[in-house]
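Peer 1: This is a predicted model, with the sequence first.
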Amino acid sequence: KDCRLMEFNSLINKCLRKDAESRRRELHIRTYAVIPLNEECGIIEWVNNTAGLRNILIKLYKEKGIYMTGKELRQCIIPKTASLSEKLKVFKETLLPRHPPIFHEWFLR
């Protein structure tokens, strides 16, 4: 929900920047980054000069040459009706090898 609200606030900010009086008064809504985790939970940006978790992980995976693009991930999608063993096979043989634990490396830099 926060993510959608921030998208809406960004749209309002665009409108405010287009209006001369709003620009003169420096009107804007402060926004923050939101990473939705599911329908009820997410990670929000609170501190200035911080890096988002997603950006950190993408950079680390790209450096290792194991980053999966959205297109590659979509190719891994199997039907909802697939058996648990089929889903587990895709997870273990395709997704898990391309997503090893890597976040700890960011702290060691």
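Peer 2: Sure thing, it's come through.

Peer 1: domain assignment for this protein?
Peer 2: Annotated domains of the chain cover 1-44, 53-108 [the TED database].

Peer 1: can you give me the end-to-end distance of the last one?
Peer 2: Between the opening and closing residues of domain 53-108 lies a distance of 15 Å (Cα to Cα, to the nearest Å).

Peer 1: ok now it, how far from the chain's centre?
Peer 2: 14 Å (Cα atoms, centre = their mean, to the nearest Å).

Peer 1: and it, average pLDDT?
Peer 2: Domain 53-108 comes out with an average pLDDT of 92.

Peer 1: can you give me the strands in this structure?
Peer 2: 34-36, 42-44 (DSSP state E).

Peer 1: Which elements pack onto the first one?
Peer 2: Counting contacts by 3 or more Cβ pairs under 8 Å, 6 or more residues apart in numbering; DSSP states H and E, strand 34-36 is packed against helix 2-18, strand 42-44. Heads up, the C-betas are built off the backbone N, CA and C, glycines and all.

Peer 1: What pairs with it, parallel or antiparallel?
Peer 2: strand 42-44 (antiparallel) (DSSP bridges).
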